[in-house]
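> need coordinates for the below:
(2 chains)
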Amino acid sequence: ETGVTQSPTHLIKTRGQQVTLRCSSQSGHNTVSWYQQALGQGPQFIFQYYREEENGRGNFPPRFSGLQFPNYSSELNVNALELDDSALYLCASSSQNTQYFGPGTRLTVL
Amino acid sequence: AQRVTQPEKLLSVFKGAPVELKCNYSYSGSPELFWYVQYSRQRLQLLLRHISRESIKGFTADLNKGETSFHLKKPFAQEEDSAMYYCALSNRGAQKLVFGQGTRLTINP
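Modelled structure (predicted):
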């Protein structure tokens, strides 16, 4: 059984650009959640997908959007990047109310 | 509002000493409480959850609904316990996690 994987590991973008982050969920998990972790802070919930439908959203603007595919992998898209979007982005897949986290993608916005 | 507070950003204790990481929460209803741990260069992983009532790596945590606390304890700290610890809560079944800011625990030899 493979764990949650995320790509890319690191990414550097400039203000105003768009970015797509990817996540492969753990085998058999049909729910994926995304979190943003700013430096020195705990992870903050962005949104969750269950069977390809959004199933809850945190306090993030609409320029943060996502997708879940039939194989339960997921994408996080961020448009019009701002400097404050620089953070570690974590993906987690769920089974029986337990979330299993990926290693994260470190996004730097210059 | 749902909130998790970890009052200590840094905690340093000597090997063999007891350790307690504090966590307080605010939530209307019956939340599920978790402790997650992140060792150096590793991903965030579940340490324990209140519903399991188990001891993992010698750590225990008791949910105190009256004090809205879920403190993590270990009677004898070991050097390998050095890590970042996050307390988190969720709605039962909703799975959205609300995290505290984390406590960096350092065990001195």
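
> thought B:Ser69 was touching B:Cys23?
Yes. Counting by Cβ atoms under 8 Å, B:Ser69 touches B:Cys23, with 6.4 Å between them. In short, each C-beta sits where N, CA and C put it, glycine included.

> which one's more surrounded, the two?
Using other Cβ atoms under 10 Å in any protein chain shown, the more surrounded residue of B:Ser69 and B:Cys23 is B:Cys23, with 26 against 17.

> the more buried one contacts B:Tyr86, correct?
No. Judged on Cβ under 8 Å, B:Cys23 makes no contact with B:Tyr86 at a distance of 9.0 Å.

> quick check: neighbours shared by those two?
Listed as contacting both B:Cys23 and B:Tyr86 by Cβ atoms under 8 Å, 6 or more residues apart in numbering or on different chains are B:6, B:35, B:100.

> relative to chain A, how far out is the second one?
It refers to B:Trp35. The gap separating B:Trp35 from chain A is 12 Å, by Cβ to the nearest Cβ, to the nearest Å.

> and that residue, what's its pLDDT?
Predicted confidence (pLDDT) for B:Trp35: 96.

> not counting sequence-adjacent ones, nearest residue to it?
Residue nearest to B:Trp35 in three dimensions, not counting chain neighbours: B:Leu47, with 4.4 Å by Cβ to Cβ, 6 or more residues apart in numbering or on different chains.

> quick check, pLDDT for the one you found.
pLDDT, B:Leu47: 94.

> tell me the SS of it?
With DSSP: H, G, I helix; E, B strand; the rest coil as the basis, B:Leu47 sits in strand.

> please tell me how far it sits from A:Gly16.
40 Å (Cβ to Cβ, to the nearest Å).

> which of those two has more neighbours?
More neighbours surround B:Leu47 than the other of B:Leu47 and A:Gly16, with 19 against 10 (other Cβ under 10 Å).

> touching, that one and B:Ile56? I think so.
Yes. B:Leu47 lies in contact with B:Ile56 (Cβ under 8 Å); the separation is 5.6 Å.

> ok, back up a step: put together CSV for the shared contacts of B:Cys23 and B:Tyr86, with distance to A:Arg106, neighbour count and secondary structure on each row.
Below are these laid out as CSV (distance: Cβ to Cβ, whole Å; neighbours: other Cβ atoms under 10 Å in any protein chain shown; DSSP: H, G, I helix; E, B strand; the rest coil):
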residue, distance to A:Arg106, neighbour count, secondary structure
B:Gln6, 23, 22, coil
B:Trp35, 24, 23, strand
B:Gly100, 22, 25, coil
